[in-house]
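*Asks:* sequence below, structure please.
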Amino acid sequence: MHEHSAHAEHVYTCTQRDSAAASSSVVASWRRCIAMHQLAPEERRAPLRLMDQEFRQAREQSEQLIANATDELDRLFTTAGKAGCCLLLTDRDGIALERRGAIGDDKEFHDLGLWTGSVWTEASIGTNGIGTALADERSVSIFRDQHFFCSNIKLSCTTSPIRDHRGQLAAALDISTCRDDVNEMTLGILAQMVRDAAMRIEINLFRSAYAGARFVMVPSGTNPTAALLAVDRHDLVLGATRAARLALKLDDRSIAAGIPAADALHETRMSDDEDLVEAERAALLRALTRSSGNVSQAAIALGMSRATLHRKMKKLNLH
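*Replies:* The predicted model follows:
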């Protein structure tokens, strides 16, 4: 009990100092919990829970998210689950849609509210990995007494937000543990695992949204595997991940207006005449490649005579 009262006093003391709130994202979250959500750190409470019908509706609205995240959740749990961890996938409102956990740990996690149908926002349960990651729109780790409520100070969690095909906040992926032997270094390793899994889910969502498109990786110093463009057969950009949008300064408006991938990538621009010549060269090369170099077959595929194809090949220096 003394531990709980000491924690509550520490929260109140820190939140009264402007310098602490400015330098610490955790203290800034504590301040939001007190000022915005009217919460008190000495309370013992579990997160809000949805009624069954509300939960079913939330899952139906996130059907595509769940489908694209299932394999990653299973893969992540094969590693983290053995270490006494619980996995939660939430929507952007902090509603736990999917859960992975070992049966032996279920009671402890259920008592804490780490269960499907629970709402893990800051308004519901104070500073926590999921709620604070959603509020700040960035990856967050909350180690034990960095949680707002005294009832959660044995819990450690690390969360990464997940963005949809337009780069908008869509969900969060969390690993939580109550193990006494977990330290900040261990939590850091779990945090990297969560970030990697969240990135793969984002890519899955992006590919699903633009099924049938070509995907071009954007040169990016931060995270090149997450920076993708979806491009149609005319080389026009259909969509871009958040990483690609940041790297290329793209937004919904510029994408909707229509922009060639070559222009978005700032490749060397050619004149319209040169563009046409290159387009014709590319068409001939594709036909010749598909026919394994057989000019007669390539000519038939292109709907022209063999003599005409030979003239074009000579003109474009393809012999």
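*Asks:* how about the longest helix along the chain: buried residues?
*Replies:* Under DSSP state H, the helix in the chain containing the largest number of residues is helix 184-209. Within helix 184-209, the residues that count as buried by 16 or more other CB atoms under 10 Å are 186-187, 190-191, 193-195, 197-206, 209. Heads up, the C-betas are built off the backbone N, CA and C, glycines and all.
*Asks:* ok, stretch 170-182 next?
*Replies:* If you call a residue buried by 16+ other CB under 10 Å, then stretch 170-182 has these buried ones: 170-178, 182.
*Asks:* of those residues, just say which sits nearest to residue 300.
*Replies:* For residue 300, the closest of the buried residues of stretch 170-182 turns out to be residue 170, at 47.9 Å, with distances computed as CB to CB.
*Asks:* just checking, that closest one is part of a strand?
*Replies:* Yes - applying DSSP: H, G, I helix; E, B strand; the rest coil, one finds residue 170 inside a strand.
*Asks:* nearest residue to it other than its sequence neighbours?
*Replies:* The spatially closest residue to residue 170, leaving aside those adjacent along the chain, is residue 164, at 4.0 Å (CB to CB, 6 or more residues apart in numbering).
*Asks:* same deal with residue 277?
*Replies:* Residue 277's closest residue in space is residue 316 (CB to CB, 6+ apart), at 7.2 Å.
*Asks:* wait, isn't the one you found in contact with residue 280?
*Replies:* Yes - because the distance of 6.8 Å satisfies CB atoms under 8 Å, residue 316 is recorded as touching residue 280.
*Asks:* rewinding a little: what's the neighbour count on the residue nearest to residue 277?
*Replies:* When neighbours are counted by other CB atoms under 10 Å, residue 316 registers 14.
*Asks:* now do the contacts for residue 182.
*Replies:* Contacts of residue 182 were listed using CB atoms under 8 Å, 6 or more residues apart in numbering, and they are residue 156.
*Asks:* over to residue 145?
*Replies:* Contacts were defined as CB under 8 Å, 6+ apart; by that measure residue 145 touches 7, 10, 153.
*Asks:* among those residues, the buried ones, what's the PyMOL command?
*Replies:* Once 16+ other CB under 10 Å is used to decide burial, the buried members of the contacts of residue 145 can be selected in PyMOL as follows:
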select buried, resi 7+153
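*Asks:* so how far is residue 158 from residue 87?
*Replies:* When distance is defined by CB to CB, to the nearest Å, residue 87 is 11 Å away from residue 158.
*Asks:* again but with residue 140, I slipped
*Replies:* Between residue 140 and residue 158 the distance, using CB to CB, works out to 7 Å.
*Asks:* now do the shared contacts for the two.
*Replies:* When CB under 8 Å, 6+ apart defines a contact, the residues bordering residue 140 and residue 158 alike are residue 129.
*Asks:* quick one: distance of the longest helix of the chain to the chain centre.
*Replies:* In terms of CA atoms, centre = their mean, to the nearest Å, the centre of helix 184-209 is set 7 Å apart from its chain centre.
*Asks:* contacts for the next helix or strand after that helix next, please.
*Replies:* Proceeding C-terminally, helix 184-209 gives way to strand 214-217 as the next helix or strand, assigned by DSSP states H and E. Taking CB under 8 Å, 6+ apart as the criterion, the residues outside strand 214-217 that touch it are 207, 224-225, 227-233, 261, 265.
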